[in-house]
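> Provide a 3D model corresponding to the input given below.
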Amino acid sequence: MESEPRGSDAEWDNTAESMLREFAPHPYQSLNEAGEICAVNDAWVEMLGYDREEVVGEPFETFLTADSTERFQSLFRECKTNEEGRGVDFELVHADGHRVVVSLAGQIECDDSGAFVRAHCQCYDVTERRQRERELERYEALVENSTDIPTVIDTDGRITYVSPTVQRVLGHEPEELTGEVASEFVHPDDHETMTEALESVQAEPSEAHTVELRFRRADGSWGWIEARMRSLLDDDVIDGIIVNTREVTERKERERELDEQRQKYSTLVEQSHEGVVIVQEKEFKFVNQAMTELTGQEKTSLLGRPFYEIMAPEYRDLVQQRYEQRVGGERPPQEYDIEIVTADGERRHIELEVSRITYRGEPATMATFNDITERKEREQALERYEALVENLPIGVYQNTAGPDGEFTLLNDAMVEMFNADSKAHLREQTVRDLYVDPERRKAFSDRLAEQGIVEDEELRLETLTGEEMWGAVTAIAREVDDRTVFDGAIQDITERKEYEQELQEQRDNLDMLNQVLRHDIRNDLQLVTAYTDLISDHIDGEGQEHIETVRESAEHAVELTRTARDMADVMLTSAEDRQRVSLRDTLERELEEVRSTHTEAVVTINGTVPAVDVLANDMLDSVFRNLLKNAIQHNDKDVPEVDITATDGSENVTVRVADNGPGVPDEQKEAIFGKGEKGLESDGTGIGLYLVKTLIDTYGGTVSVEDNEPDGAVFVVELPRADVHG
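Sure thing, here's the model as predicted:
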């Protein structure tokens, strides 16, 4: 501003002073070239609260804050140089110490030569304005840097204002959204949620409503936002619904993950085979389904109930003590075994595992009930088994596989059996060392490893003192810690093998004696028969009867040697010797023979003999030969009659041999098959019927005798079918 020349300083001062007091509407001051205050008006004094005498003559800087002093000095120099003034804000210190923001606008007074004389400054108190501006600046800074997006929408849901923050958070420029209907950017599945929220806000203007929904970002993806709505309809500043929006996508993702984890955990807990409970203040607050099954009680009967009531009485004090220790911050064992009592009174062994957790905001204890009843029973059974094994009279062992083998487990019977000093002494020996033939050890090991089990293998073994023995070994192969081991039991069968050897020698001797005797006796009897026939032509009358008696006795003796042969064969036969034998062929062969030798008898077959094989051997002929001859020879009728019936059953074949003889008294029906005590000619003691019974027993069949109607006896034979029992 251009300067205007004035009169003398004194004249101007009086005039200026008067004008300042009378006409200046705002605080006013004048400064000399040194920046000292030359004059102030009443408004200035009132603005800063100083007395005029305290101000005039003092540098203006005296009343400035430190931040404003340097700026004032710079601008004051510039004003003096440029001979112009401009409005600048400074902070002045009020007499009571608070700060006053003043905007200075002034004129520069110069002399005729253009030199600086004074600066006349109008002072405007802008403290309140500056505070409002700063508050606005702070608000704008908060808005610009906040993650919240203040938005205003009208009652139709149209956006009338949106904070610039939306660009940084959701990628939209504010002008892209302004004027648009908000629901167009909301996920279709959340339209109803937004509509209900808007209706609620308008129905209850004084209430704030918060909803969460998905909002489309500028890149087309969906982000979750939390919108807090409040009605400001008819407000002087904001007319509409203000929506304070915050993106909560990460939180929703965390919540979703947490919900999934909770759901998985809940599912795992509910599906767990172990009982899971949560205890607070000594009461059940949560129990899973497995716990109800374990205790036999419903959840409703467990929840709220003292936890120790399900414990067996002898464990209650222990469990309560450890619970109180855990609640008190001590560290008792995390796991220990107890017993519980179920609803039906059954005791169950439980492995209890406990830990401290927070449940619904409060400290709690979570416990897992693992039912180990079966394991405990197995352990107890194992202990009993180990005690039993240790006291068994047979050797029990475990050893490694391979051609040599090393013992890993032994019982006391093994030590005694092999004449060892101790288990340690026996473990020092390889398994191979105990075989008389070491190659048998390798063969046995290979076969056991291949088959997995070997039963009753008879082996020649040697004790540590050099004595030979026989052992019957049963063993299984299994994997333990990635290696194959053999678990086995061995029984000393040395005495049995010696007895079997002796018995075999006796059988061999008996067989040889039987063959020799039968051969020599039959030869002699054949000579007797031949000479009887020779002399028969030379003897007449009464002598013929004696000759016939000799002939019959010789034939009977021959038959006895045949029966003796059969008996010897039976004594040397076992059930393992059974084979498939045709019943029809056997019966027809014996019928033909008996008809040719006993022409006086009538022997018939009812129907046909089934074409079926039975389990027997080549001595089945002897069974039917003896039964047929018995029916004829012990018959008291002039014409012996024998009737045969064969019936095929599902498992057995039944053959009935019926005669018309004197029959068999009831008291002799079983004794008739015995060896007898009075010799071969006693009733019911014939070797033939004993032979029949012995053979049929060997075949696994039965033989019995019944009454025939009207006279005679019926011998009933049942033989097993080969196709069923073979």
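
> How is the protein partitioned into domains?
When the chain is parsed into structural domains using automatic domain parsing, the resulting residue ranges are 9-132, 146-254, 272-376, 392-492, 498-555, 575-725.

> Now mean neighbour count too, for those domains, in CSV please.
The C-beta positions use only the backbone N, C-alpha and C, and glycine is treated the same way. Output for the domains of the chain, formatted as CSV (neighbours: other C-beta atoms under 10 Å):
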stretch, mean neighbour count
domain 9-132, 16
domain 146-254, 16
domain 272-376, 15
domain 392-492, 16
domain 498-555, 12
domain 575-725, 17
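
> Select, out of those domains, the one closest to Tyr265.
Each of the domains of the chain was checked against Tyr265 via C-beta to C-beta, and the shortest separation belongs to domain 272-376, namely 10.2 Å.

> Now Gly543: which helix or strand?
Remark: Gly543 resides in helix 542-571, with elements defined by DSSP states H and E.

> So what touches stretch 203-213?
186-187, 190, 193-194, 197, 200-201, 224-231, 233, 248, 252 (C-beta atoms under 8 Å, 6 or more residues apart in numbering).

> Straight-line length of that stretch, end to end?
21 Å (C-alpha to C-alpha, to the nearest Å).

> so how far is that stretch off the chain centroid?
50 Å (C-alpha atoms, centre = their mean, to the nearest Å).

> ok, Gln398 - contacts?
With contacts defined as C-beta under 8 Å, 6+ apart, Gln398 is in contact with 407-410, 485-488.

> Which members of those residues are positioned in strands?
Residues of those located in strands (DSSP state E): 407-410, 485-488.

> Point to the residue nearest the middle of this structure.
Central residue check for the chain by C-alpha atoms, centre = their mean: the C-alpha nearest the mean position is that of His273, 7.9 Å away.

> Which residue, neighbours along the chain excluded, lies closest to it?
The shortest distance from His273 to any non-neighbouring residue, by C-beta to C-beta, 6 or more residues apart in numbering, is to Ala290 (5.8 Å).

> Quick check: the one you found vs Leu627, distance?
71 Å (C-beta to C-beta, to the nearest Å).

> same check, this time on Leu75
The separation that Leu75 has from Leu627, given C-beta to C-beta, amounts to 152 Å.

> Same check on Ile687?
In this view, Ile687 and Leu627 are 13 Å apart by C-beta to C-beta.

> Check Ile605 too.
Between Ile605 and Leu627 the distance is 14 Å, computed by C-beta to C-beta.

> One more: Ser206?
Using C-beta to C-beta, one obtains 119 Å as the distance from Ser206 to Leu627.

> low-scoring stretches of the stretch 101-250 of the chain, by residue?
Across the stretch 101-250 of the chain, residues meeting the criterion (pLDDT under 70) sit at 139-146, 233-238.

> Name the next helix or strand following the least confident helix or strand in the chain by mean pLDDT along the chain.
Evaluated with mean pLDDT, DSSP states H and E, the helix-and-strand set of the chain has its lowest mean pLDDT in helix 9-22, which scores a mean of 51. Tracing the chain past helix 9-22, the next element assigned as helix or strand by DSSP H and E is strand 28-31.

> partners of that next one, with directions?
strand 37-40 (antiparallel), strand 116-125 (antiparallel) (DSSP bridges).

> Make a markdown table from those strands and add distance to Gly179 to it.
What follows is the strands paired with strand 28-31, written out as a markdown table (distance: least, C-beta to C-beta, whole Å):
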| stretch | distance to Gly179 |
| --- | --- |
| strand 37-40 | 54 |
| strand 116-125 | 40 |
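
> For Arg71, which of those strands is the nearest?
Comparison of the strands paired with strand 28-31 against Arg71 by C-beta to C-beta identifies strand 116-125 as nearest, at 14.7 Å.

> Convert the C-alpha atoms of the closest one to PDB, please.
As requested, the backbone C-alpha atoms of strand 116-125 are provided in PDB (Å, rounded to 0.1, in the frame of the first residue of the first chain):
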ATOM      1  CA  PHE A 116      10.300   3.900   6.500                       C
ATOM      2  CA  VAL A 117       8.700   5.700   9.400                       C
ATOM      3  CA  ARG A 118       6.000   3.500  10.900                       C
ATOM      4  CA  ALA A 119       3.800   0.500  10.300                       C
ATOM      5  CA  HIS A 120       0.200   0.800  11.200                       C
ATOM      6  CA  CYS A 121      -1.300  -2.600  11.800                       C
ATOM      7  CA  GLN A 122      -5.000  -3.700  12.100                       C
ATOM      8  CA  CYS A 123      -5.200  -6.700  14.500                       C
ATOM      9  CA  TYR A 124      -8.000  -9.200  14.000                       C
ATOM     10  CA  ASP A 125      -8.500 -11.900  16.700                       C
END
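
> residues in contact with the one helix or strand Arg326 maps to?
Assessed by DSSP H and E, Arg326 sits inside helix 313-327. Identification of contacts with helix 313-327 by C-beta under 8 Å, 6+ apart yields 279, 282, 307-308, 311, 331-333, 336, 338-339, 352, 354, 356, 363, 365.

> Let's see which of those residues end up in strands.
The subset of the contacts of helix 313-327 located in strands under the criterion DSSP E comprises 279, 336, 338-339, 352, 354, 356, 363, 365.

> Tell me the one among those nearest to Ile539.
Ranked by distance to Ile539 (C-beta to C-beta), these are led by Glu339 at 103.1 Å.

> thought that closest one was touching Arg348?
Yes: Glu339 is within contact range of Arg348, at 6.6 Å (criterion: C-beta atoms under 8 Å).
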